[in-house]
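In: Sequence first, predicted coordinates after that:
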Amino acid sequence: MSRAANHCRSNPPTSFPPLACWLMPLSALTLLAGVGVGLVWALQGSKPAQTEMSGNESTFRITAERNLVVVRVVARDPDGKAVTGLRKEDFRLFDNGKLQSISTFSVESPEAKAPPSTERPAAHAPAGAPAQPLQPPGATEAEHPFVMPERFVALFFDDINIAFDDLVRTRDAAARYIATNLGPADRIGLFTSSGVHHLDFTADRQRLSDALLGLRQQPMYMMGGGPPQTSSPPPSDLPQRGVLLALHELCRRMATLPGQRTIILLSPGFTTWTPTVIAGPGAVSLAHDVDLVIRRALRAGVVINTFDVRGLYVNLPLGDASQPTLEVPSTPGESTFVWQAMEQQAIQQTFLSNAISMLALTMVLGDLATGTGGVYYHDSNDYDAGFRRTGGLPETAYLLTFSPQNLKYDGSFHRLKVTLANPSKLTLQARMGYFAPTKSEDAEARAKDDLEEAAFSEVEINGMPVDVHTRFFKTDNLNAKLTVLARVDANSVQFLKQQDRSLGKLILVAALFDSDGNFLEGAQTNLDMHLLDQTLKKIQQGGVSLKANLDAKVGRYLLRIVVRDSESGSMSAINRVIEIPY
């Protein structure tokens, strides 16, 4: 990593003030009662006015979404291979035919990122105490390998709509895929549309094998946790809506994982129109539910690959032999010619109806893959190749975002179109559109969303100069208090001038993840600054620091640190692999 060039360094530079500066008397700064927050480096010996700074520390929680529209684009050449090297100015994005300004542009590459370096926080210990061993006595580094997860793959079985024979074939192919493709930095989880059977992300092959063997077809009522409370049949759209709801929640769950995130949806497909395939009187569209899944996946950095588990499926003119035979009743005295004509017409209608049903079933699989930049695997009985295709590294994709101008909060559908500035033989895969929200979201909600996305991402951001230190204090043999100290260059902070004060706000988020990428705990510190000119000059020379506290057990963790300037929106995000020794 080139953190030195971006002022985000693992080790403190020699010009840092001594450690005592981190622990300077709290009288140098006015804090909320009982709460430890940012310290001002340059204010030792001075006593600023009580209203100059105030702060608080709280638990970091997952919060709301914002109205920014995210579009993931995959460009392919005539051979179907993903194209790299495109830039922001190469794309044109249209919303209902109107050209939009692309707010942000980034490239998502399947290339593995270098893992962050391991750091052991400084320990609070009495003077002269013996150094604590990095590992248990007699242990070696090889006996305790620590590989941070870089890729998370969720196998999502639609156990409500899938046929038994398709389930068996798909389950066996999934077992072979896990046996041959699970790497040390990979984590695989098993989830179902019924919610009856699941296994959280793990690298344990045996647990994954046992979970696969436990898969079964599930009755429709199992989605609700039990049989219906009334004798009336469940709504006709329950299976479809249940699958989409489960997918939405899985995307939300995966937003907390620091790495590449992929869902493989294993399903025969399902129609998004109910109760009839063709939209008619009384029909209800689930297209909005599909859009919610796509939007959640894009915000969570999740790619949805879809796998039609029916394999090579053919629409037979006379229907499936496993289904009841088509019979056309004849009328006494009716000629053979008329009867044959009626039978032929019925066969044609059945064939057309089946074709429409097949198209409707597969459309949702195509939409979910296309909208999230994923792969749609279908019309093949090579299940092993299907898992290699859908379970491989994500293709190079381009992430475009824009804020719709003069957006009406009426829930209407907006059609999207992405093109290239210079026409070429490349084809672009991107979501077809989005539904407008029904209400506006305020700036605070957008700021919370920014922090959430940054905290649960693996991408390092260098929007402002930040130096990070960690310390721990062991409360007993297995538990410790972890302190994260972040020093910010005050010259990079944007202040708003009001009379004789400069107003600014910094937010620090520290999030702790285990070796499987599971979110363990988070802390958020807010520092509100109302500075006089003299104080502002001093901290611009020395910097501002913030502190967050976390509880942790002995072991190794991924620590994600995010600092945000509320006024400008600038952020820095840093990864640390830390170790609290025995």
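Out: That came through fine.
In: where are the low-confidence patches of this structure?
Out: Residues of the chain that meet the criterion pLDDT under 70 lie in 1-51, 53-67, 111-148, 219-239, 272-285, 313-361, 439-446, 458-459.
In: What residue spans form the domains of it?
Out: If you go by automatic domain parsing, the domain ranges for the chain are 4-64+442-580, 69-110+395-435, 151-223+237-390.
In: From start to finish, how long is the longest one in a straight line?
Out: As for domain 151-223+237-390, its first-to-last residue distance stands at 14 Å under the measure C-alpha to C-alpha, to the nearest Å.
In: where do the helices sit along this structure?
Out: For the chain, the helices defined by DSSP state H occupy 164-181, 205-213, 238-254, 287-300, 336-372, 383-390, 443-455, 533-542.
In: Just the angle for the shortest one relative to helix 164-181, thanks.
Out: In this structure, helix 383-390 runs at an angle of 60 degrees to helix 164-181, with axes from the mean of the first three to the mean of the last three C-alpha atoms, to 10 degrees as the basis.
In: And the second one, by the same measure?
Out: Compare the direction of helix 205-213 with that of helix 164-181 by the same axes, to 10 degrees and you get 170 degrees.
In: Mind listing residues that contact helix 205-213?
Out: Contacts to helix 205-213, defined as C-beta atoms under 8 Å, 6 or more residues apart in numbering, come from residues Arg171, Ala174, Ala175, Ile178, Ala179, Leu182, Ile188, Leu190, His197, His198, Leu199, Thr202. For the C-beta atoms, the positions are set from N, CA and C on the backbone; glycine is no exception.
In: quick one on the thing from earlier: please name whichever of the helices of the chain is nearest to Arg556.
Out: Ranking these by distance to Arg556, with C-beta to C-beta as the measure, places helix 443-455 first at 19.2 Å.
In: for the helices of the chain, which one sits closest to Val466?
Out: helix 443-455 (12.5 Å).
In: List the contacts of the closest residue to Leu400 other than its chain neighbours.
Out: Excluding the flanking residues, the one nearest Leu400 by C-beta to C-beta, 6 or more residues apart in numbering is Val71, at 4.6 Å. Residues counted as contacts of Val71 (C-beta under 8 Å, 6+ apart) are Leu93, Leu298, Leu399, Leu400, Thr401, Phe402, Leu416, Val418, Ala430, Arg431.
In: ok, of those residues, which one's closest to Leu531?
Out: Comparing these against Leu531 with C-beta to C-beta picks out Thr401 as the nearest, at 33.3 Å.
In: Return the set of residues that bridge with the closest one.
Out: Val70, Thr104 (DSSP bridges).
In: Would you check that Phe513 makes contact with Gly555?
Out: No - here Phe513 does not reach Gly555: they are 11.6 Å apart, not a contact under C-beta atoms under 8 Å.
In: So between the two, which is more surrounded?
Out: Neighbour totals were compared for Phe513 and Gly555, and Phe513 leads with 25 against 16 (other C-beta atoms under 10 Å).
In: Please list all residues in contact with the nearest residue to that one once chain neighbours are set aside.
Out: Closest residue in space to Phe513, ignoring its immediate chain neighbours: Leu558 at 4.3 Å, by C-beta to C-beta, 6+ apart. With contact taken as C-beta under 8 Å, 6+ apart, Leu558 is in contact with Pro116, Met148, Pro258, Leu512, Phe513, Asp514, Ser515, Gly517, Asn575, Arg576, Val577, Ile578.
In: Include distance to Ala211 when you put those into CSV, please.
Out: Output for the contacts of Leu558, formatted as CSV (distance: C-beta to C-beta, whole Å):
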residue, distance to Ala211
Pro116, 31
Met148, 23
Pro258, 23
Leu512, 27
Phe513, 23
Asp514, 20
Ser515, 20
Gly517, 18
Asn575, 30
Arg576, 32
Val577, 29
Ile578, 31
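In: Of the residues you listed, which is the most crowded?
Out: Tallying neighbours with other C-beta under 10 Å puts Phe513 at the head of the contacts of Leu558, with 25 neighbours.
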